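1. Predicted model and sequence below, questions to follow.
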Amino acid sequence: MLRDAAARACLDIIVDSVGTADYHVNDPPDPRAIATARAHGVDISGALGRRLADEDFHTFTHIFALDKANMAGIKARAPRHATASLSLVLDAVAGSRGESVDDPYYGDEAGFEECWQSLRPAIDAMVVEFANKGVDARF
């Protein structure tokens, strides 16, 4: 979603998606996620799961988590001299700092659409912040 929004805004940024555990390494996204993204004109069908790696804390300027539990896991894994800025996705939305995105995995297809809609304001805000401040963007 962020990759697509950044491309539409002509932002030259690298976006990757990883997990904090190795449950779905080398697996494609959940079919419900693929269908939801496709319904919004975004193709994620070729993505393969990978686990957050130590080098990600230096390769990327920002690492976002969808919820507090994953953020705790990310912080626990962060190398001592990590340079990436860590924040929750919804921290990008005024009035939503510290809030988690509901995980749709254990629900039905409708939960994936709800998740997409809850992310839209954050993604839009991130694009504006990255466009204005580049790697110095703060969330």
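-> Thanks, I have it.
2. Just want the most central residue of the chain.
-> When CA atoms, centre = their mean is applied to the chain, the residue found nearest the centroid is F64 (5.4 Å).
3. Can you classify that one by secondary structure?
-> strand (DSSP: H, G, I helix; E, B strand; the rest coil).
4. swap in H81?
-> State at H81, reduced to three classes by three-state DSSP: coil.
5. okay, it: pLDDT?
-> H81 is assigned 96 on the pLDDT scale.
6. since we're on it, how many residues are nearby?
-> 7 (other CB atoms under 10 Å). All C-beta atoms are positioned from the backbone trio N, CA, C, and that covers glycine.
7. what's the residue nearest to the centre of the chain in contact with, if anything?
-> Neighbouring residues of F64 by CB atoms under 8 Å, 6 or more residues apart in numbering: 86-89, 139.
8. Just among those residues, which is most surrounded?
-> That'd be V89 among the contacts of F64, by other CB under 10 Å, with 24 neighbours.
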